[in-house]
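**Q** With the sequence up front, the predicted model follows.
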Amino acid sequence: MRAKQAALFLSLLPLVSWARPEGTRDLQTNQGLVGRTPVNVFLRVGETLRVCSSDDGHNDTGPLYGDCLGPACGPDDGPAFVIDHDVDRARPVLAEREGAEILVSPPADRPCRGQQDCVAPYTCRARPDGALWTPRADAGYCAASFAVVRGGVGYCSAFTDPAARAWHTVTATEEGHWTVDFVGEAHTLIGQTEPIVSTRFFEIDVLERGGRTVEGGRVSARAWALTSHQPAYGQSADFYIVSGGQVAVLDLEDLRGTVYTVQANSTGLRGHPRQSWCVYGDPNGRGECAARPTGSATEPPAAEHRLYLNFPSPTPAAVEPTLTDVRFEDEAGTATVSPNGDGEQDAGDFYFRSNVPGTYAITIDTNGDGRIDEAEDRVLFGTARVGQNRVPWDVRDAAGAVLPAGDYAVRVRLIAGEVHVVFSDVEDNADGFVFWRQARPDGGRVPLPMFWDDRAVRSPAELLLTGGLDALTTVEAGSVVP
């Protein structure tokens, strides 16, 4: 997070970067990609995308060992993970995608209504399943299709030799984030009751024009939908989130969820900014949330920021946020209001200009104690765009009461790089997570201040900290861990 008021705490950690493919090895080998999750790859013109997956319609029958890859892995390489049945329970992939288990589409969406609208090797595919387009109301999109056959081109798994991949390839004809669509396979473990489809293993490699693998940081997603295959298997990966020209590192610590989603945006859940809440519906009296929609108007959050598997390449350029032309006006164009209910000058608008996208927090000293305090005063919070912004105010305090006549101090804050992480359907996060800021691929990490308000989703017996600090919302420096 970058704002005018910030405290930095330095912690130097050695980081290593190397040129290698990205994919399941970064998510952890016991984490599957839930079927049809769009994966993005940044490519420059002339670079070559290489891709493979395990989506051949057959399950691998042996256990995985730690993050070891290859046929020689064994118990000495780490804990055993069982992600498939120990007998091949062959379950064909989605029939409409047989022979097209991997789809690759360019950054610019190319609508099509038949093969005549796509240039080879692209074919016209239908949404949402990626089947070949047939005459229908909605236009399709052009994508290159590739088959995955065990032992053939395009197949790879945690059990095959990483040095002997047989890749499918695409040469980039335009710069931007290309999309890879893996079809996924049905789960095979006994006791799995949900109709889960996942890609057990995938890898993506990018070659420069000269044929050398680029360093990591090309693979991202707006939302990572994952499965641990079994509830006991945790996730301790890092996600690199780009916001406001900065990179925030989400450092997970044994997060567990059978099927769950990780995504990030600038404001959090709709209707509950800067507050922990249920993705669907409202928490009950015990702070519990429903895992599925219950008819509430609450909508899933916007998947705004990209989550990379490694430090992003190219490195984003940080821009210092700057506020200009800050003013307040009522409907008459004055800086005063008279909220007496007569319909004239009962409300007004704050205006400001921003040089960066980010978030704003306008705090009005509505209790008149001479202190700007977000815990007690009225706060207007939202997303700022580049250029002029307008924020309406109804001249009410934090409790919704109309303010009496008087002068009120106001603070306007512009924040570039505010990140809210939304976890959907996570079962266990007892070990928490840490946020870092990282400026370079080979640079040290700086702990980022973290804020939270968990009161609505925890019962009194489950509070993390004593003294009511499950709502750390007003301490300027936040909580810095470790």
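**A** Ah, there it is.

**Q** Just the strands from the stretch 101-250 of the chain, written as ranges.
**A** Along the stretch 101-250 of the chain, the segments classed as strands by DSSP state E, counting those that start in this stretch run 102-105, 111-112, 122-125, 140-146, 168-171, 176-182, 185-186, 197-199, 202-207, 219-221, 223-227, 238-243, 246-252.

**Q** Can you name every helix or strand that the first one contacts?
**A** Using 3 or more C-beta pairs under 8 Å, 6 or more residues apart in numbering; DSSP states H and E as the contact test, the elements touching strand 102-105 are strand 48-53, strand 122-125, strand 140-146, strand 176-182. For the C-beta atoms, the positions are set from N, CA and C on the backbone; glycine is no exception.

**Q** Try it again at 6 Å.
**A** strand 140-146, strand 176-182 (3 or more C-beta pairs under 6 Å, 6 or more residues apart in numbering; DSSP states H and E).

**Q** Which one of the ones you listed lies nearest to residue 345?
**A** Distance to residue 345, taken as C-beta to C-beta, is lowest for strand 176-182 among these, at 47.8 Å.

**Q** And that closest one, what does it pack against?
**A** Using 3+ C-beta pairs under 6 Å, 6+ apart: strand 176-182 touches strand 39-43, strand 102-105.

**Q** Quickly run through the sheet partners of the longest one, with directions.
**A** So the one you mean is strand 39-43. Next to strand 39-43 in the sheet, as set by DSSP bridges, lie strand 176-182 (antiparallel), strand 219-221 (antiparallel).

**Q** so how far is that strand off the chain centroid?
**A** Relative to its parent chain, strand 39-43 has a centroid offset of 15 Å by C-alpha atoms, centre = their mean, to the nearest Å.

**Q** Same check on the last one?
**A** Taking C-alpha atoms, centre = their mean, one finds the center of strand 102-105 at 21 Å from the center of the full chain.

**Q** Repeat that for stretch 71-85.
**A** For stretch 71-85, the distance to the chain centre is 29 Å (C-alpha atoms, centre = their mean).

**Q** just the strands in the stretch 301-450 of the chain please.
**A** 307-308, 323-330, 348-354, 358-364, 378-384, 387-393, 410-415, 420-424, 433-438, 445-447.

**Q** Let me have these in a markdown table, adding mean neighbour count, mean pLDDT and distance to residue 342 as columns.
**A** Converted to a markdown table, the strands of the stretch 301-450 of the chain look like this (neighbours: other C-beta atoms under 10 Å; pLDDT from 0 to 100; distance: least, C-beta to C-beta, whole Å):
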| stretch | mean neighbour count | mean pLDDT | distance to residue 342 |
| --- | --- | --- | --- |
| strand 307-308 | 24 | 96 | 50 |
| strand 323-330 | 14 | 92 | 13 |
| strand 348-354 | 18 | 94 | 15 |
| strand 358-364 | 22 | 91 | 22 |
| strand 378-384 | 19 | 90 | 22 |
| strand 387-393 | 13 | 95 | 18 |
| strand 410-415 | 20 | 92 | 24 |
| strand 420-424 | 19 | 87 | 39 |
| strand 433-438 | 20 | 88 | 48 |
| strand 445-447 | 19 | 87 | 52 |
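
**Q** can I get those strands in a markdown table with distance to residue 290?
**A** Formatted as a markdown table, those follow (distance: least, C-beta to C-beta, whole Å):
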| stretch | distance to residue 290 |
| --- | --- |
| strand 307-308 | 25 |
| strand 323-330 | 40 |
| strand 348-354 | 36 |
| strand 358-364 | 28 |
| strand 378-384 | 26 |
| strand 387-393 | 33 |
| strand 410-415 | 31 |
| strand 420-424 | 11 |
| strand 433-438 | 23 |
| strand 445-447 | 34 |
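
**Q** Ok, which of the ones you listed comes nearest residue 249?
**A** Closest approach to residue 249 among the strands of the stretch 301-450 of the chain (C-beta to C-beta): strand 433-438, 4.1 Å.

**Q** Run through the residues that contact the closest residue in space to residue 52 that isn't next to it in sequence.
**A** Spatial nearest neighbour of residue 52, excluding adjacent residues (C-beta to C-beta, 6 or more residues apart in numbering): residue 156 at 3.8 Å. When contacts are counted by C-beta atoms under 6 Å, 6 or more residues apart in numbering, residue 156 touches 52, 165, 203.

**Q** for these, which one is nearest residue 434?
**A** Of all the contacts of residue 156, the one sitting nearest residue 434 is residue 203; the distance, using C-beta to C-beta, is 27.3 Å.

**Q** On the strand side of things, show who the closest one bridges to.
**A** Beta bridges link residue 203 to residue 23, residue 52 when assigned by DSSP bridges.

**Q** That one and residue 21, how far apart?
**A** From residue 203 across to residue 21, the span is 4 Å (C-beta to C-beta, to the nearest Å).

**Q** Also residue 384?
**A** 38 Å.

**Q** before we move on, what about residue 156?
**A** Look at residue 156 and residue 21: by C-beta to C-beta, they are 9 Å apart.

**Q** ok, for residue 123, nearest residue in space, not its chain neighbours?
**A** Excluding the flanking residues, the one nearest residue 123 by C-beta to C-beta, 6+ apart is residue 145, at 5.7 Å.

**Q** neighbours of the one you found, just the number please.
**A** 19 (other C-beta atoms under 10 Å).

**Q** I'd assumed residue 101 was in contact with it.
**A** No - in this structure, residue 145 is not within contact of residue 101 by C-beta atoms under 6 Å, at 8.4 Å.

**Q** Can you get me a residue count around residue 99?
**A** Other residues within reach of residue 99, judged by other C-beta under 10 Å, total 11.

**Q** For it, give me its contacts.
**A** Listed by C-beta under 6 Å, 6+ apart, the contact partners of residue 99 are residue 147.

**Q** okay, it: pLDDT?
**A** On pLDDT, residue 99 comes in at 94.

**Q** how much space between the residue nearest to residue 52 and residue 65?
**A** 17 Å.

**Q** do residue 81 as well
**A** As judged by C-beta to C-beta, residue 81 and residue 65 stand 8 Å apart.

**Q** do residue 187 as well
**A** 21 Å.

**Q** who has more neighbours, these two?
**A** Neighbour count, other C-beta under 10 Å: between residue 187 and residue 65, residue 187 has more, with 25 against 18.

**Q** And for that one, nearest residue in space, chain neighbours not counted?
**A** residue 196 (4.6 Å).

**Q** residues in contact with the one you found?
**A** Applying C-beta under 6 Å, 6+ apart, the residues near residue 196 are 187, 227, 259.
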